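Enquirer: Dropping a prediction and its sequence here:
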Amino acid sequence: MRIQGILFDKDGTLVDFFATWIPAYRAAAKAAGDLAGRPGMASRLLRLSGYDPETGELDPSSLLAGGTTGEICDLWCALLGRAGDRLLRARLHETMDMHASAHPVPVGAGLPGVFARLGARDLALGMATMDSEAVARVTADSLELADRLDFLCGYDSGHGAKPGPGMVLAFCSAVGIAPDRVMVVGDTERDARMARAAGAGLAVGVLSGATPGNRLAPLCDRVVEDVFALESDWTALVS
């Protein structure tokens, strides 16, 4: 199989999900309770959306693990009895975005070098995230990956959301390759299902994010420790 492009998820794949997003979710949940006049609601909001702030456990199928920031804000507004409150939703979204974009933590050292060497193989490289496009662009700059990306999109870029096929198909259209020549790399079931829906050539799961291997394996062609394995195990992955 000749892979001509790789479409990466962002959080949990390129960005350390727990180090980057859990502090952002905590800050936004506190802001949500305070703004709604219910300051004791922060822990409840986190639990009902998939994260236990006391044990640190995250449900890999929850909105906090794989949903869009917009979906999370909508849920929290509803739980606070403020469904449809656009101002509150905007403030929560802004708080999440501010924290996540200000403190992105990479999954490991050396990501720019890996991207440079993958690009040197004449591979088109893209990023598709359930985060907003604006935050994704700031993150790509922070991780020193922006110049290596041929495509970037978020849930609000107009290509739909995971697990629909739109992000993969938009990447293919942007770089001029067929879906069966694309490797999709991500840490969630939504990433793998997106790959399948689009007819991607390979769905590769990484164990650096929120989803355990026993949940990724049935949906993926390959499961590896992290994105660094793409370079070290390239021949085995694409054979």
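Expert: Everything's here; your move. Numbering: from 1, shown residues only.
Enquirer: Could you list the residues in contact with the helix or strand hosting residue 96?
Expert: Following DSSP states H and E, one finds residue 96 within helix 86-102. Surrounding helix 86-102, the residues in contact under the criterion C-beta atoms under 8 Å, 6 or more residues apart in numbering are 20-21, 23-25, 27-28, 31-32, 35-36, 69-70, 72-74, 76-77, 80, 82, 131-132, 134-135, 138-139, 142. Placement of C-beta: from N, CA and C, glycine included.
Enquirer: State the three-state secondary structure for residue 64.
Expert: helix (DSSP: H, G, I helix; E, B strand; the rest coil).
Enquirer: Neighbours of the nearest residue to it once chain neighbours are set aside, how many?
Expert: Leaving aside its chain neighbours, residue 64 sits nearest to residue 50 (4.1 Å; criterion: C-beta to C-beta, 6 or more residues apart in numbering). Residue 50: 21 surrounding residues under other C-beta atoms under 10 Å.
Enquirer: thought residue 50 was touching residue 58?
Expert: Yes - at 6.1 Å, residue 50 counts as touching residue 58 under the criterion of C-beta atoms under 8 Å.
Enquirer: before we move on, the earlier item: pull out the buried members of the contacts of helix 86-102.
Expert: Buried subset of these (neighbour count, 16 or more other C-beta atoms under 10 Å): 20-21, 24-25, 27-28, 31-32, 35-36, 69-70, 72-74, 76-77, 80, 82, 131-132, 135, 138-139, 142.
Enquirer: so residue 83, which of the three states?
Expert: Per three-state DSSP, residue 83 ends up coil.
Enquirer: So the closest residue to it other than its chain neighbours versus residue 177, what's the distance?
Expert: Leaving aside its sequence neighbours, residue 83 sits nearest to residue 77 (C-beta to C-beta, 6+ apart; 5.5 Å). Separation of residue 77 from residue 177 (C-beta to C-beta, to the nearest Å): 40 Å.
Enquirer: Could you do residue 95 as well?
Expert: Taken as C-beta to C-beta, the span from residue 95 to residue 177 is 38 Å.
Enquirer: same thing with residue 219?
Expert: 23 Å.
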